[in-house]
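# build me a structure from this.
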Amino acid sequence: MRVFLIHHADAMPKEEDPGRHLSEKGRDQCARIAAQLKQAGVLPVKILHSDKQWTTETAERVGEALGISDRTAQAGYPIGTDDDIAPFIAEIEGSGGDIMMCGHFDYLTRTVSKLVCGDENAHVAAFKPGNGTTMCLDNEDGDWTLTYAWRVEHLAAA
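Numbers count the residues shown, from 1 in each chain. Sure thing, here's the model as predicted:
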C-alpha cells in the first residue's frame with residue numbers, strides 16, 4: 001500500500017480572486033505533478049482534498065489526468081493546518097489500496113511524521129519550498145517508509 005501526499009498547487013491571491021482558484025502557475029504545477037504520477041503508474045483508489053477551492057482543483061486536475069476523476073472527493077473530516085490527522089490515518093488503514101491526499105503543508109507534514117515514526121510532532125520531512133511538493137510513502141508489513149519526494153519545479157514541463 002502507498003500513500004501519496006501533494007501540497008496543493010499555487011492559488012490566485014485573494015485580492016485578485018476571492019474564490020482562490022488555481023493560478024496559471026498552479027495549473028502548470030498540476031500538469032507536471034500529474035504527468036510524473038502517470039509515468040510512475042500511480043492509480044490510487046481515492047484522491048482526497050480539503051474544502052478549499054485550490055486543493056479541490058489540484059485533486060480534480062490530477063485525478064482527471066490520471067483518468068480517475070471519479071475517485072476524487074472532499075475528505076469527510078477537516079484537514080486544515082491544525083486539524084487532527086487521526087481520521088486520515090484511520091482512512092489510510094481502511095482504504096484497501098493506495099490513497100492520495102491533496103492538502104495543506106502542516107497537515108501533510110504531520111501525517112508523514114506519524115506514519116514513519118509514530119509521532120506526528122517529530123519532524124521527518126517537510127513540504128518545502130512549497131506548493132506542488134509531492135511525497136510517496138510505502139507500507140510493507142506495517143512499516144512505513146518515505147519512498148520518494150519531488151519538488152514540482154524539478155519536474156519537466158507537461
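# what's the next secondary structure element after the strand or helix carrying Ile33?
Take DSSP states H and E as the rule and Ile33 turns out to sit in helix 24-39. Per DSSP H and E, the first helix or strand lying C-terminal to helix 24-39 is strand 46-49.
# got a list of contacts for that following strand?
The contact list for strand 46-49, computed with Cβ atoms under 8 Å, 6 or more residues apart in numbering, reads 8, 55-56, 58-59, 62-63, 68, 71-75, 79, 88, 91, 95, 99-103. Where C-beta positions appear, they are placed from N, C-alpha and C, glycine not excepted.
# note down every partner strand of it and its orientation.
Strand pairing for strand 46-49, using DSSP bridges, gives strand 72-74 (parallel), strand 99-103 (parallel).
# to Lys38, which of the ones you listed lies closest?
Nearest to Lys38, of all those, is strand 99-103, at 12.7 Å by Cβ to Cβ.
# contacts for the closest one?
Applying Cβ under 8 Å, 6+ apart, the external contacts of strand 99-103 come out as 1-8, 42, 44-50, 55, 58-59, 62, 75, 79, 88, 91-92, 108, 111.
# which SSE is immediately downstream of it?
Downstream of strand 99-103, the next assigned helix or strand under DSSP H and E is helix 105-117.
# that following helix - what's its average pLDDT?
Mean pLDDT, helix 105-117: 96.
# in it, what's buried?
For helix 105-117, a neighbour-count test (16 or more other Cβ atoms under 10 Å) marks Phe105, Asp106, Tyr107, Leu108, Thr109, Arg110, Thr111, Val112, Ser113, Lys114, Leu115, Val116 as buried.
# next one: stretch 87-94 to chain centre, how far?
15 Å (Cα atoms, centre = their mean, to the nearest Å).
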